[in-house]
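Q: Pasting the sequence and the predicted model now:
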Amino acid sequence: MIPGKYRSVSGRAANNVNCGLHLVIQTSSLPEKNKVEFKLNKDTSSFPGRLLQHDLERNYSSRQGDHINLVSSSLSSFPILQRSSEEKILYSDRLSLERQKLTVCPIINGEDHLRLLNFQHNFITRIQNISNLQKLISLDLYDNQIEEISGLSTLRCLRVLLLGKNRIKKISNLENLKSLDVLDLHGNQITKIENINHLCELRVLNLARNFLSHVDNLNGLDSLTELNLRHNQITFVRDVDNLPCLQHLFLSFNNISSFDSVSCLADSSSLSDITFDGNPIAQESWYKHTVLQNMMQLRQLDMKRITEEERRMASVLAKKEEEKKRESHKQSLLKEKKRLTINNVARQWDLQQQRVANIATNEDRKDSDSPQDPCQIDGSTLSAFPEETGPLDSGLNNALQGLSVIDTYLVEVDGDTLSLYGSGALESLDRNWSVQTAGMITTVSFTFIEFDEIVQVLPKLKIKFPNSLHLKFKETNLVMLQQFNALAQLRRIDQLTIDPQGNPVVNFTLWKYYVLFRLSHFSMQKINGTEVTQNDMIMAERLFGILAHVASSELPQYRLISILGDARKKQFQYLLESKGKKPGIINEENNDSKRLVGENTNRATLNYTTRDFYNEKLEEIKEKKKFCKTYIEDLVKEATEINMKNEALQKLWPQMFIELVRDAVIEIRNKNSYMKLCLQQITDQK
Amino acid sequence: MLSPERLALPDYEYLAQRHVLTYMEDAVCQLLENREDISQYGIARFFTEYFNSVCQGTHILFREFSFVQATPHNRVSFLRAFWRCFRTVGNGDLLTMKEYHCLLQLLCPDFPLELTQKAARIVLMDDAMDCLMSFSDFLFAFQIQFYYSEFLDSVAAIYEDLLSGKNPNTVIVPTSSSGQHRQRPALGEAGMLEGVEASLFYQCLENLCDRHKYSCPPPALVKEALSNVQRLTFYGFLMALSKHHGINQALGALPDKGDLMHDPAMDEELERLLLPFLRLAQVPGLVNSVTASPEASCLPSRTPPRVGSPWRPLHHSRKVDGESDASTEETDESET
């Protein structure tokens, strides 16, 4: 852009490229080293001060040290500047004091019409002694050691203020510079944007290479077209939509990681050029299309033109993102529902257990929390989700979750696991499960359901889910070893997991052995995650083998029948017939080298009837018992009566016998009269 | 048979004393419940089997608690069955009261926890109820508690009375002053020392035994149990009863403590049941010590004849190699 011969030797141009402001020192035709010209890089047309431009382009040279005399005065500590009158006439409105090794601003007398002042590359620490230069339009203090902006309050005409590469910590004392057009504060230590809201003519603001962590407080900059914020630590951007003219925004090499933190950019209709490179956001996979999608007005991103193709891609990808988000939102919603339901079920379970415990211990302490709790539960109940959501048997290949959520129970199918929470879930086994889904289920997990209730649905489980090999029980109130007997009716179990929580039976040291013993025909492989060893099986047999033997061989036959039930009578016919032999050996399917298939007969009689059934049965029997009692009593009465009669007879019989004999003898004593009597009797008979 | 005493009792009482009616009622009840099945093979056979099982003591298996505790004979049978079935369990670790209760429930589903708790209290001397107990301790204590439950309840009442100074034997003359005079010193005495005086206690027990119909331990044996001590506590007394061999023998349910783990017949059965498992353990790939270690670790108190068993599987496995159809061969062999 700038012809080579106009480039400065010192190469400062290269340094300044990073700023929006491109300071070029254009040398004049004279082969002098330092010639100064201010030229702005872009947007030169909109530069309000064409006048200034014109001025700047005027050739101007200054020889170092040649025309400038810095005389130290005894009056003050500041050197006093003096120029030769030639110089004054030639370059009446500009003064360059760069690289003069100045540590302070000298007093400049007699130059009150100065318009451009250049203090570049010195060691100045404070801006001073320039308040008299009230016509100053451009002040260049680049590369000094200024720590604070001050001493500018009289420069009401100032339009260009270059304070790059100093040590400024705070933007301040710019109140009177209402005409400011370009403000360059790059390379300082500024942490906050402030005190610039009155600069309504400011067009270019350069805050690159500072310590800004966020961008806001930009209102009032109604003319700003270019904002350079490169190389800061910005994490979020605000207020940019309040800049009606902003076209170029450079945010390279900051700390922006999500589009939300720069969301105000989407609302800015004037922005056409933006850079985000060097931010974490630029590494994201969704970066480009998200930016393009949200900022339709952009023409250039990261210094590259945006093509139509890119825009199209962006919208497509953005739609996909939206879909994905919606999907994951739905998933998380479902998960939340599930969690709430499970919590609900858990609470109900706890209440139920408490109630049972109270009844059992016959305490009449008030359950002060239980009447309130149901209300709470109802209040927080998933009344928003009363219907079933999600298909149970999804036709999709990769349907991982089929979810049916109702307040008091939860049924979940997750690949090969069927999980049931709450006793209401047991009814779901009645539903029509597709063969494919049901066939895939290998694990069934029961939680917060009474074991007695589970026992009743085990036959259904056997039929509907033939491949279920692993059963898990948690919070199911397993308290007696006998309850394991109920599991014998299943077809097969490979693994059994009884969670200690809510299952007191696990506290018994022998429970595993009992399970192995009773369910030996399943040849279980794992109990609660630990492998079943041969030793375990032997131990189980050793502990409980006699029980089985007693249960089978010592029970009278009618008991066997009544316990085994009619249906299994056939199965165990040989057992009934061969009662004298050892049933453990005589099992037609038994081959010593093979595993026992089919239920081991001698423990078939070990059944489990749920407590309720048991009590019902006992109730029923009461009637019968009463009847039996009265029946037996009658029998006994009869028997005792007969016995009494018998005894009485025994007592009386001798007497009776004697009387009989006596009567007979008396009758026959008189032979003649007896004969007559007999004949009489015979004729009477005719 | 024809003892005059027997004939002296009126009919009903005689039957009641022998609990004949209980069994008759139960038999008829069972008949009613299973009439379809039983009618198939005959009522006479049913009655035969029923009373046979009563004699053998197997009639109480898996029956409801009300039946199990109905007669002394039932109780004895139950105790015996419990001992036989779970002797092997007792051979192993000590168990808690709840675990014993679990085992009891295997034989009698509605066995009340109360009784087990009371039995445990005897063993643990009313101390921490979660302590572990050995099988023999528990079994003998349980025997006393279960068989003599009603008797023990009365004894508890008597003990309470004695402890609070009221002597149930003494007749309180209905003049207020003398009654008070008599009571106060006794109260002070009982409060100072633990338990009650043995001889006084025994007198009360004797009276109890005479008065009540239900079964009590033979007074002579009770006197023997109390002979060594001056004073005793309630649970001390029960513990003494449970440890007394004579009472155990009088009951006839369980063998002596020393023989508690002996049951050769059942051991044989057990070995037979274990055969398939032990034989599987012989399968190559499994360590041979499998057969040896469970024997050694779990059943240290077994008598020497059992030592022979580790050799048996080897013997059998040779047979298996030789013959293809192993099972039937085995049964033939074991039957002989």
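A: Perfect, thanks for sending it.

Q: CA atoms for contacts and neighbours, from now on please.
A: OK.

Q: Run through the helices of the stretch 501-650 of chain A in chain order.
A: A:511-518, A:534-553, A:557-564, A:573-577, A:611-669 (DSSP state H, counting those that start in this stretch).

Q: weakest of those helices by average pLDDT?
A: Of all these, the minimum mean pLDDT falls on helix A:573-577 (a mean of 51).

Q: picking up where we left off before, what about the helices of the stretch 501-650 of chain A, which gets the closest to A:Gln100?
A: The closest of the helices of the stretch 501-650 of chain A to A:Gln100 is helix A:511-518. By Cα to Cα, the value is 94.6 Å.

Q: got the helices of the stretch 501-650 of chain A as a markdown table, with distance to chain B and mean neighbour count columns?
A: Listed next are those as a markdown table, based on distance: least, Cα to the nearest Cα, whole Å; neighbours: other Cα atoms under 10 Å in any protein chain shown:
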| stretch | distance to chain B | mean neighbour count |
| --- | --- | --- |
| helix A:511-518 | 9 | 23 |
| helix A:534-553 | 5 | 22 |
| helix A:557-564 | 7 | 19 |
| helix A:573-577 | 12 | 15 |
| helix A:611-669 | 5 | 13 |
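
Q: For A:Glu98, which of these is the nearest?
A: The nearest among these, by Cα to Cα, is helix A:511-518 at 92.9 Å.

Q: quick revisit: of all the helices of the stretch 501-650 of chain A, which one comes closest to A:Asn144?
A: When the helices of the stretch 501-650 of chain A are compared by Cα to Cα, helix A:511-518 sits nearest A:Asn144, at 84.3 Å.

Q: That closest one vs helix A:534-553, what angle?
A: Here the directions of helix A:511-518 and helix A:534-553 differ by 60 degrees (axes from the mean of the first three to the mean of the last three Cα atoms, to 10 degrees).

Q: Tell me who's in contact with B:Leu124.
A: By Cα atoms under 8 Å, 6 or more residues apart in numbering or on different chains, B:Leu124 lies in contact with B:Cys131, B:Met133.

Q: returning to what we had before: just send the helices of the stretch 501-650 of chain A back as a markdown table, with distance to B:Leu132 too.
A: Converted to a markdown table, the helices of the stretch 501-650 of chain A look like this (distance: least, Cα to Cα, whole Å):
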| stretch | distance to B:Leu132 |
| --- | --- |
| helix A:511-518 | 16 |
| helix A:534-553 | 18 |
| helix A:557-564 | 34 |
| helix A:573-577 | 39 |
| helix A:611-669 | 28 |
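
Q: Figure out which of those is closest to A:Ser179.
A: Of all the helices of the stretch 501-650 of chain A, it is helix A:511-518 that lies closest to A:Ser179, at 89.9 Å by Cα to Cα.

Q: Contacts made by that closest one with the rest, please.
A: A:481, A:484-485, A:488, A:505, A:524, A:527, A:536-537, A:539-541, A:543-545, A:603.

Q: picking that back up, right, so of the helices of the stretch 501-650 of chain A, which gets closest to A:Ile124?
A: helix A:511-518 (87.9 Å).

Q: low-scoring stretches of chain A, by residue?
A: Scanning chain A for pLDDT under 70 picks out the ranges A:1-77, A:360-407, A:561, A:563-602, A:605.

Q: switch to 50 and redo it
A: Across chain A, the ranges flagged by pLDDT under 50 are A:1-2, A:4-66, A:363-405, A:566-567, A:574, A:578-598.

Q: Also chain B?
A: B:1-2, B:171-192, B:285-336.

Q: For chain B, what is the nearest residue in the stretch 51-200 of chain A?
A: Taking Cα to the nearest Cα as the measure, the stretch 51-200 of chain A has A:Thr191 as its residue closest to chain B, at 69.5 Å.

Q: Just confirm that residue is within a helix.
A: No - counting by DSSP: H, G, I helix; E, B strand; the rest coil, A:Thr191 is not part of a helix but coil.

Q: mind listing what it touches?
A: A:Lys169, A:Lys170, A:Asn210, A:Phe211, A:Leu212, A:Ser213.

Q: now those in TSV, with distance to B:Ser154?
A: What follows is the contacts of A:Thr191, written out as TSV (distance: Cα to Cα, whole Å):
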residue	distance to B:Ser154
A:Lys169	97
A:Lys170	97
A:Asn210	96
A:Phe211	93
A:Leu212	92
A:Ser213	88
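
Q: most neighbours, which of the residues you listed?
A: A:Asn210 (25 neighbours; other Cα atoms under 10 Å in any protein chain shown).

Q: tell me the SS of that one?
A: Reduced to three states by three-state DSSP, A:Asn210 is coil.

Q: Can you name the residues that contact it?
A: A:His186, A:Gly187, A:Asn188, A:Gln189, A:Ile190, A:Thr191, A:His231, A:Asn232.

Q: Kindly recompute the last result at 7 Å.
A: Counting by Cα atoms under 7 Å, 6 or more residues apart in numbering or on different chains, A:Asn210 makes contact with A:His186, A:Gly187, A:Asn188, A:Gln189, A:Ile190, A:Thr191, A:Asn232.

Q: Now rank those residues by neighbours and give me the top one.
A: A:His186 (27 neighbours).

Q: isn't that residue right up against A:Phe211?
A: No - A:His186 is beyond contact range of A:Phe211, at 10.2 Å (criterion: Cα atoms under 7 Å).

Q: All the strands of chain B, residue numbers only.
A: B:196-197, B:231-232 (DSSP state E).

Q: and these, which is most packed in?
A: Across the strands of chain B, the average number of neighbours (mean count of other Cα atoms under 10 Å in any protein chain shown) peaks for strand B:196-197, which reaches a mean of 20.

Q: Can you get me a residue count around B:Thr48?
A: If we define neighbours as other Cα under 10 Å, then B:Thr48 has 12 of them.

Q: That one and A:Ser562, how far apart?
A: Distance check for B:Thr48 against A:Ser562: by Cα to Cα, to the nearest Å, it reads 17 Å.

Q: A:Thr225: which of the strands of chain B is closest?
A: Comparing those by Cα to Cα, strand B:231-232 comes nearest, at 105.8 Å.

Q: Show me what the closest one is packed up against.
A: Where contact means 3 or more Cα pairs under 7 Å, 6 or more residues apart in numbering or on different chains; DSSP states H and E, strand B:231-232 is packed against strand B:196-197.
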